[in-house]
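J.: Fold the following and give me the result.
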Amino acid sequence: MLARLARTSWRIALTITLGLLLAVGPLASAGAFGPGEAADGTFASDRILVGFKPGTKAWDVAGTHASLGTKSKGRIAQIGVEIVEVPKGRTVPGLIKMYEKNPNVVFAEPDYVATALVTPDDPYYPNQWGLPAVDAPEAWEMTTGSSGVTIAIIDTGIDATHPDLAGRIVPGYDFVNRDSDPSDDHGHGTRVAGIAGANGNNATGVAGFNWGAKLMPVKVLNSSGSGYNSVIAEGITYAADQGAQVINMSLGGSDPTGTLAAAVEYAYGKGSTLVAASGNSGTETLMHPAAHEKVIAVGSLRDATNQSAFSNYGSGLSLVAPGENIYSTRLGGGYTSSSGTSMSAPFVAGLAAMLSGVNPSLSPAQIQDIMEQTAVDLGDPGFDIRYGYGRISTAAAVSAVLDTSAPAPAPAPEPEPAPEPAPEPSPEPEPAPEPAPEPTPEPEPTDVTPPTVRITSPWEGNVVSGTIYLTASAYDETGVTRLEFYADGALVGTVSAEPYRVRWNTRKSSGAVTLVAVAWDAAGNSATSNPVTVTVSNGSSGKPVKKR
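T.: Predicted structure coming up:
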């Protein structure tokens with residue numbers, strides 16, 4: 001890590017993508033950290049973040065700090081991250097190097113700054129072209145959302161006094177000022193909230209994507225639209241602990257961190273579907289946390305079919321949604337238009353909440369899979385790095401959930417049996433005959449039929465790079481119990497239920513690679529799929545392939 005920091009001359013790790021220079025200054029954790037502490041605007045100069053291995057005893061943690069002459073100024077308990085004060089006379093990189101030598105430490109890193117991902121656009125557009133572009137009106141005929149679902153807006157807060165958000169806000173928290181009043185003092189969070197869930201069909205202002213879901217303001221960005229990773233991680237874990245089914249993160253930075261990754265894993269494990277903006281620099285690099293494999297990364301469209309020039313893209317992109325000139329609620333009342341992947345993410349968050357409301361038993365993985373499978377394909381056929389699986393189709397996704405979650409019809413009641421006639425008086429009983437010998441049961445037939453299995457993506461001859469999905473279809477009359485994917489004979493991953501897909505990091509391979517899938521049934525029968533040979537090319541010419 002230190003070498004990488006030195007090579008980049010400590011350049012910004014979580015890139016500012018607002019159309020103006022953003023000042024830095026939120027509090028970072030339970031410790032008393034004030035504004036203006038960031039070194040050159042990229043990370044805090046007075047503290048680092050240290051992640052300890054799960055199961056590390058409290059006295060070992062305390063002993064580590066004591067041996068290095070440091071103090072813990074706060075802790076994100078859910079993910080085991082300590083916020084450590086940098087003593088006078090020491091530096092952030094120097095202290096990181098000391099902690100990295102400890103065998104109980106998973107990572108030590110700066111407390112980077114993240115920012116709201118929005119490109120402000122002054123012109124006002126009274127129409128909301130994005131809603132019909134993703135066929136939301138057709139979906140509203142089936143559902144407008146459920147009040148039993150909560151979308152956490154991890155952002156600058158929300159203006160709860162806005163008339164188009166009235167009645168939709170549930171209690172949240174302000175991790176910047178450390179109080180229970182997460183009011184918006186920037187405007188970004190209010191715009192995001194309006195896109196995801198402004199009141200609809202109320203003869204006022206705009207219609208949000210989801211008219212029923214509750215909105216939880218979790219303020220992690222300050223009045224300049226900036227926030228530290230430690231604060232963002234606290235916000236994510238808080239939202240998960242409060243039971244938010246969906247977490248929207250219209251923010252991000254350019255460097256991966258263990259702290260944010262741990263927070264994402266924690267929330268995902270609690271059942272939260274996480275959605276994040278891909279970034280606004282127009283490059284083939286997803287921002288973080290959007291780049292995390294358990295976060296749904298969302299890119300921007302400038303119209304119904306074309307990618308926005310500013311939208312980041314790459315092999316981890318999942319979906320695209322409208323992101324230019326998006327009309328929404330404004331801080332202090334009224335309405336305004338904005339552009340950016342920040343505006344695209346809440347479309348997807350609103351749809352995820354809609355699906356969760358239709359079928360609360362859906363897991364985050366199932367919700368993502370439904371949105372990807374029902375998306376409108378754009379760009380190259382199938383998955384591509386600029387459009388992911390395509391533009392969300394609200395009506396198709398809702399229909400798919402309704403079709404699979406409709407209850408089975410109740411069985412017809414059994415007819416009442418006719419009363420039996422009174423028995424005739426019986427003569428003296430005759431001696432009972434000897435019982436016939438029990439017939440020997442036929443042996444149960446042995447299942448000797450193996451499953452059928454084939455790889456469905458990537459296809460034969462595809463050129464792949466980065467991290468992609470390997471997908472397969474499999475069938476067996478008694479059920480497929482396990483499916484394994486192999487690349488040149490090495491196990492890539494195992495799944496035990498549909499969808500049969502695993503992620504494959506192609507950076508560990510090169511050239512021609514042969515892929516096979518092996519399926520197993522309950523009787524132990526197995527079958528191997530057709531071999532698929534792909535070319536791994538992680539240079540400039542490689543094109544990632546996911547599924548389909």
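
J.: show me where the stretch 151-300 of the chain has strands.
T.: Remark: strands assigned in the stretch 151-300 of the chain by DSSP state E, counting those that start in this stretch are 173-174, 214-219, 226-228, 246-249, 251-252, 273-277, 295-301.

J.: tilt between the longest one and strand 273-277?
T.: It stands for strand 295-301. For strand 295-301 against strand 273-277, the angle by axes from the mean of the first three to the mean of the last three CA atoms, to 10 degrees is 40 degrees.

J.: What of the second one?
T.: For strand 214-219 against strand 273-277, the angle by the same axes, to 10 degrees is 60 degrees.

J.: Which residue ranges of the stretch 251-400 of the chain form helices?
T.: Along the stretch 251-400 of the chain, the stretches classed as helices by DSSP state H, counting those that start in this stretch are 258-269, 341-358, 364-373, 394-405.

J.: what distance separates the first one from the centre of its chain?
T.: Right, helix 258-269. 10 Å (CA atoms, centre = their mean, to the nearest Å).

J.: coming back round to it: turn the strands of the stretch 151-300 of the chain into JSON lines, including mean neighbour count, mean pLDDT and distance to residue 132.
T.: C-beta here means a position set from N, CA and C on the backbone, and glycine is covered the same way. Converted to JSON lines, the strands of the stretch 151-300 of the chain look like this (neighbours: other CB atoms under 10 Å; pLDDT from 0 to 100; distance: least, CB to CB, whole Å):
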{"stretch": "strand 173-174", "mean neighbour count": "21", "mean pLDDT": "97", "distance to residue 132": "35"}
{"stretch": "strand 214-219", "mean neighbour count": "27", "mean pLDDT": "98", "distance to residue 132": "23"}
{"stretch": "strand 226-228", "mean neighbour count": "31", "mean pLDDT": "94", "distance to residue 132": "34"}
{"stretch": "strand 246-249", "mean neighbour count": "33", "mean pLDDT": "98", "distance to residue 132": "22"}
{"stretch": "strand 251-252", "mean neighbour count": "32", "mean pLDDT": "94", "distance to residue 132": "27"}
{"stretch": "strand 273-277", "mean neighbour count": "32", "mean pLDDT": "98", "distance to residue 132": "21"}
{"stretch": "strand 295-301", "mean neighbour count": "29", "mean pLDDT": "98", "distance to residue 132": "13"}
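
J.: out of the ones you listed, which comes closest to residue 403?
T.: strand 273-277 (20.2 Å; CB to CB).

J.: what are the C-alpha coordinates of the closest one, in PDB please?
T.: Output of strand 273-277 as PDB, limited to C-alpha atoms (Å, rounded to 0.1, in the frame of the first residue of the first chain):
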ATOM      1  CA  THR A 273     -29.400  -4.800  -1.400                       C
ATOM      2  CA  LEU A 274     -26.700  -2.200  -2.000                       C
ATOM      3  CA  VAL A 275     -26.800   0.100  -5.000                       C
ATOM      4  CA  ALA A 276     -24.100   2.700  -6.000                       C
ATOM      5  CA  ALA A 277     -23.200   5.200  -8.700                       C
END
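
J.: Quick one: work out the angle between that strand and helix 341-358.
T.: Here strand 273-277 points in a direction 160 degrees away from that of helix 341-358 (the same axes, to 10 degrees).

J.: Each with direction, which strands does strand 273-277 pair with?
T.: strand 246-249 (parallel), strand 295-301 (parallel) (DSSP bridges).

J.: ranking the helices of the stretch 251-400 of the chain by burial, who's on top?
T.: helix 341-358 (a mean of 30; mean count of other CB atoms under 10 Å).

J.: low-confidence ranges in this protein?
T.: Where the chain drops to pLDDT under 70, the residues are 1-41, 117-126, 404-448, 539-548.

J.: ok, now how distant is residue 166 from residue 224?
T.: Applying CB to CB, to the nearest Å, the value for residue 166 to residue 224 is 27 Å.

J.: The two: which is more packed in?
T.: residue 224 (21 against 13; other CB atoms under 10 Å).

J.: Am I right that the more buried one is in contact with residue 186?
T.: Yes. Using CB atoms under 8 Å as the test, residue 224 is close enough to residue 186 to be in contact (7.1 Å).

J.: Would you mind giving the strands paired with strand 273-277 as CSV with distance to residue 152 added?
T.: Below are those laid out as CSV (distance: least, CB to CB, whole Å):
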stretch, distance to residue 152
strand 246-249, 5
strand 295-301, 14
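
J.: Mind checking the ones you listed for the one nearest to residue 390?
T.: strand 295-301 (10.2 Å).

J.: how big is the angle separating that closest one from helix 258-269?
T.: Angle of strand 295-301 versus helix 258-269, following the same axes, to 10 degrees, is 100 degrees.

J.: could I have strand 295-301 exported to PDB, CA atoms only?
T.: The C-alpha coordinates for strand 295-301 follow below in PDB (Å, rounded to 0.1, in the frame of the first residue of the first chain):
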ATOM      1  CA  VAL A 295     -22.800  -3.800  -4.900                       C
ATOM      2  CA  ILE A 296     -25.000  -3.100  -7.900                       C
ATOM      3  CA  ALA A 297     -23.000  -0.600 -10.000                       C
ATOM      4  CA  VAL A 298     -25.200   1.700 -12.000                       C
ATOM      5  CA  GLY A 299     -24.200   3.800 -15.100                       C
ATOM      6  CA  SER A 300     -25.900   6.700 -16.700                       C
ATOM      7  CA  LEU A 301     -28.000   7.100 -19.900                       C
END
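
J.: Now find how far off-centre it is within its chain.
T.: Computed by CA atoms, centre = their mean, the chain-centroid distance of strand 295-301 equals 10 Å.

J.: now that strand against helix 364-373, angle please.
T.: 30 degrees.

J.: any idea how far the nearest residue to residue 218 once chain neighbours are set aside lies from residue 478?
T.: Leaving out its chain neighbours, the residue that sits closest to residue 218 by CB to CB, 6 or more residues apart in numbering is residue 235, at 4.4 Å. According to CB to CB, residue 235 stands 46 Å off from residue 478.

J.: More neighbours: these two, which one.
T.: Taking other CB under 10 Å, residue 235 and residue 478 do not tie; residue 235 has more neighbours (29 against 12).

J.: From residue 158, how far out is the more buried one?
T.: Noted for residue 235: a distance of 13 Å to residue 158, by CB to CB.

J.: again with residue 224
T.: Remark: distance between residue 224 and residue 158 (CB to CB) = 17 Å.

J.: Equivalent analysis for residue 99, please.
T.: Note on residue 99: its distance to residue 158, by CB to CB, is 37 Å.

J.: Residue 50 and residue 99 touch, don't they?
T.: Yes. The criterion here is CB under 8 Å, and residue 50 meets it with residue 99 at 5.3 Å.

J.: between these two, what contacts are shared?
T.: Contact criterion CB atoms under 8 Å, 6 or more residues apart in numbering; residues shared by residue 50 and residue 99: 84, 105, 108.

J.: Just put the residues you listed in JSON lines and tack on neighbour count, distance to residue 348 and secondary structure.
T.: Formatted as JSON lines, the shared contacts of residue 50 and residue 99 follow (neighbours: other CB atoms under 10 Å; distance: CB to CB, whole Å; DSSP: H, G, I helix; E, B strand; the rest coil):
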{"residue": "84", "neighbour count": "26", "distance to residue 348": "36", "secondary structure": "strand"}
{"residue": "105", "neighbour count": "19", "distance to residue 348": "35", "secondary structure": "strand"}
{"residue": "108", "neighbour count": "24", "distance to residue 348": "34", "secondary structure": "strand"}
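
J.: Right, I'll leave it there.
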